[in-house]
Every structure is written in structure tokens, then in C-alpha cells.
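**Student:** Provide a 3D model corresponding to the input given below.
(one chain, ligands or ions: 2)
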Amino acid sequence: MAAENVPSKQARIDRIKATIRTCPDFPKPGIPFKDLMPILHNPDVFSDTIALLEEHVRETGTKVDVVAGLEARGFLFGPPLALRLNCAFVPIRKAGKLPGETVKCSYVLEYGQDTMEIQQSSVKPNQNVVIVDDLIATGGTMAGACRLVETMQANVVGCLAVVELDYLKGRDNLKYAVHSLIHY
Ligand SMILES: O=P(O)(O)OC[C@H]1O[C@H](OP(=O)(O)OP(=O)(O)O)[C@H](O)[C@@H]1O
Ligand SMILES: Nc1ncnc2[nH]cnc12
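**Tutor:** Ligands and ions are numbered 1, 2, ... in the order given. Below you'll find the model as predicted:
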């Protein structure tokens, strides 16, 4: 494709935003649920999403050792990003799913509470970790993941999400750099 035909960053972001569906009152009354699954229905939109996340990480100039993805939807965006950054992908799962030695952390999110877990040996002290999820609402889930990475004595070098719900001020709960492609 000729350079002048490459869509701008804003055009790619606008197309991703247009692909996301808002589902009122899901999973509870009063919650405007952002359904990101249609992004995966369109390979061009999915590819733009991962490329934009990668561009951001590269622009920071920070070497990333590990992309940590949050169950469940962080597992969709984290592994392709890790491949493009040529680094490890590590899952942070809901409690009770990972064998061996693990570290756990409880957290509160927009519509409930839960416990997440990481395998002790999956992240080494001093490694640089980017945490990836589909969406930041209250920031509770992302903050819990940061605590887990800190417990491993590794460095959180960024918190990435495709979507951020600005009205919930989720990034105020996060003491690390936050980057999201789309804001509502
Ligand atoms: O910023 P917060 O208020 O913490 O909310 C954001 C989290 O909520 C959703 O996860 P959820 O646990 O609902 O997803 P899943 O059941 O698909 O894993 C979403 O994928 C984020 O992980
Ligand atoms: N409003 C929302 N839409 C999608 N996922 C969410 N996770 C927490 N709040 C959410």
C-alpha cells in the first residue's frame, strides 16, 4: 500500500471504536457493557488494535520482558502483542486454575469481586512487565494485577487496555503509566 493510503492512527482508532458494541444493563442493571468481541470478527480491525498497542510500547522505548494478560479478555489481546514484541506471555488467571506455586490477590471490579492468581515461577525479579486487558473500568482488576507483579519483585512498566471508561476514573487507582486506545 502506498504511504499516503495508510490510514492515520486516529482513523484506525475510530474504526475500532465503531466496531465495539454497548450492551445496556449487562451483566447487571445500570452497567453499560462494552462488548469488544466484534473486534475479533474482523481481522483488519483486530490487526490494527494489536499494532496500535505495539506502537505505543515501542514509542515508550522501554524493553519489555513479559506481557501479562488478565483472564479472560486480556488473553485475546496479550498473546498477539507478546508475539509482536518477541517477549513472553504470562497469564494472570482467576483463582484455582493454575497448577504449582502461585501468588493470589483479591480485587473489586465494576460489577463484583474476585481473586486472581499468577504462577510464582512465571515472572522473575527485575523483569519488565506490561499488563494487558481489554478494558479498564474502576481499575480494580488492573490494580490487583499490579500488586501481583510487585509481589514477584518485577517492574510494572505499563498498564495497557483497548478501552478505558473515563467516567469511572479507573486510572486514578493505578500508580503506573496507563495507556488505552479508546475512551468513553
Ligand atoms: O476495571 P474493573 O472495574 O476492574 O473492570 C475491568 C475488568 O472487568 C472485566 O473482567 P471480568 O472479570 O468481568 O471478565 P471475565 O469474566 O470476562 O474474565 C474486564 O475484562 C476487565 O478485566
Ligand atoms: N462496562 C464494562 N464493559 C465491559 N467490561 C467491563 N468490565 C467492567 N466493566 C465493564
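**Student:** now R12: closest residue in space, sequence neighbours ignored.
**Tutor:** D48 (4.4 Å; Cβ to Cβ, 6 or more residues apart in numbering). Where C-beta positions appear, they are placed from N, C-alpha and C, glycine not excepted.
**Student:** I'd say the one you found and I16 touch.
**Tutor:** Yes: using Cβ atoms under 8 Å, D48 is in contact with I16, at 6.3 Å.
**Student:** okay, and the common contacts of the two?
**Tutor:** Common contact partners of D48 and I16 (Cβ atoms under 8 Å, 6 or more residues apart in numbering): none.
**Student:** for the spatially closest residue to V178 that is not a sequence neighbour, give me its contacts.
**Tutor:** Spatial nearest neighbour of V178, excluding adjacent residues (Cβ to Cβ, 6+ apart): R171 at 4.3 Å. Residues near R171 by Cβ under 8 Å, 6+ apart: I136, G139, C159, E164, V178.
**Student:** so R171 sits in a helix?
**Tutor:** Yes: note on R171: a helix contains this position according to DSSP: H, G, I helix; E, B strand; the rest coil.
**Student:** still on that earlier bit, the contacts of R171: which two are farthest apart?
**Tutor:** C159 and E164 (9.8 Å; Cβ to Cβ).
**Student:** tell me the spacing between V130 and ligand 1.
**Tutor:** 15 Å (Cβ to the nearest ligand atom, to the nearest Å).
**Student:** not counting sequence-adjacent ones, nearest residue to that residue?
**Tutor:** In space, V130 is closest to G158, 4.7 Å off (Cβ to Cβ, 6+ apart).
**Student:** quick one: the helices in the chain?
**Tutor:** For the chain, the helices defined by DSSP state H cover 9-19, 37-41, 43-60, 74-85, 140-151.
**Student:** so which of these is nearest ligand 1?
**Tutor:** Closest to ligand 1 of these, according to Cβ to the nearest ligand atom: helix 140-151, at 3.2 Å.
**Student:** does any part of that closest one sit near ligand 1?
**Tutor:** Yes: counting by Cβ under 6 Å from any ligand atom, ligand 1 has neighbours in helix 140-151: G140, T141.
**Student:** do the same with stretch 23-31
**Tutor:** No: residues of stretch 23-31 are not located near ligand 1 by Cβ under 6 Å from any ligand atom, the shortest gap being 7.6 Å.
**Student:** what's the end-to-end length of that stretch?
**Tutor:** One end of stretch 23-31 sits 8 Å from the other (Cα to Cα, to the nearest Å).
**Student:** got the buried residues for it?
**Tutor:** Buried residues in stretch 23-31, counted by 16 or more other Cβ atoms under 10 Å: none are found.
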